[in-house]
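Undergrad: give the three-dimensional model of this entry:
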Amino acid sequence: SSSRKIATPCFLRAAASFPPAMADDSGGAAGSAGGGEEKPGRSCMEDVLDFVACLGRGAVATGSGVKWTARYACYPIKESVVKCVDRSADYQHPYRKKEFNNLVPTFEVTTS
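TA: From the prediction side, this is the model:
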């Protein structure tokens, strides 16, 4: 929906920023006196840094997705392993079981 500007490769921008080979002296002196022009190497460096930043953002997003997927895919497996360990610990150490003795009298009122 939004139109994006396609970036020109840095080597083409660098070649376009150099003055023509047969430039006259008046044009060359006026161009160098401005001092506000961007150096060709700087734009190429910015493109490389943009590319590295894009790779970094992609790696972080991929790592986050893998972490989320592993967390939700491994949860049932982890729960079954924990239950298994708890059952074996209850079997080996019955005094650690969380069971209550039902030797205490209880009273119930029922309506008929």
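Undergrad: rest of the way, CA atoms for contacts and neighbours
TA: OK.
Undergrad: just the helices in this structure please.
TA: Ranges of helices in the chain, per DSSP state H, are 10-17, 25-34, 40-92.
Undergrad: out of the ones you listed, which gets nearest to residue 103?
TA: Ranking those by proximity to residue 103 (CA to CA) places helix 40-92 first, at 21.0 Å.
Undergrad: excluding chain neighbours, what is closest to residue 90?
TA: residue 97 (5.5 Å; CA to CA, 6 or more residues apart in numbering).
Undergrad: from what I see, that neighbour and residue 86 are in contact.
TA: No. In this structure residue 97 lies outside contact range of residue 86 using CA atoms under 8 Å: 9.3 Å.
Undergrad: over to residue 105: give its phi and psi.
TA: Note on residue 105: its backbone torsions stand at phi -70, psi 140 [degrees, to the nearest 10].
Undergrad: and it, how far from residue 72?
TA: Using CA to CA, to the nearest Å, one obtains 45 Å as the distance from residue 105 to residue 72.
Undergrad: least trustworthy helix or strand in this protein by mean pLDDT?
TA: Sorting the helices and strands of the chain by mean pLDDT, DSSP states H and E puts helix 25-34 at the bottom, at a mean of 49.
Undergrad: would you turn the helices of the chain into TSV with mean neighbour count and distance to residue 112?
TA: Below are those laid out as TSV (neighbours: other CA atoms under 10 Å; distance: least, CA to CA, whole Å):
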stretch	mean neighbour count	distance to residue 112
helix 10-17	14	91
helix 25-34	10	103
helix 40-92	12	41
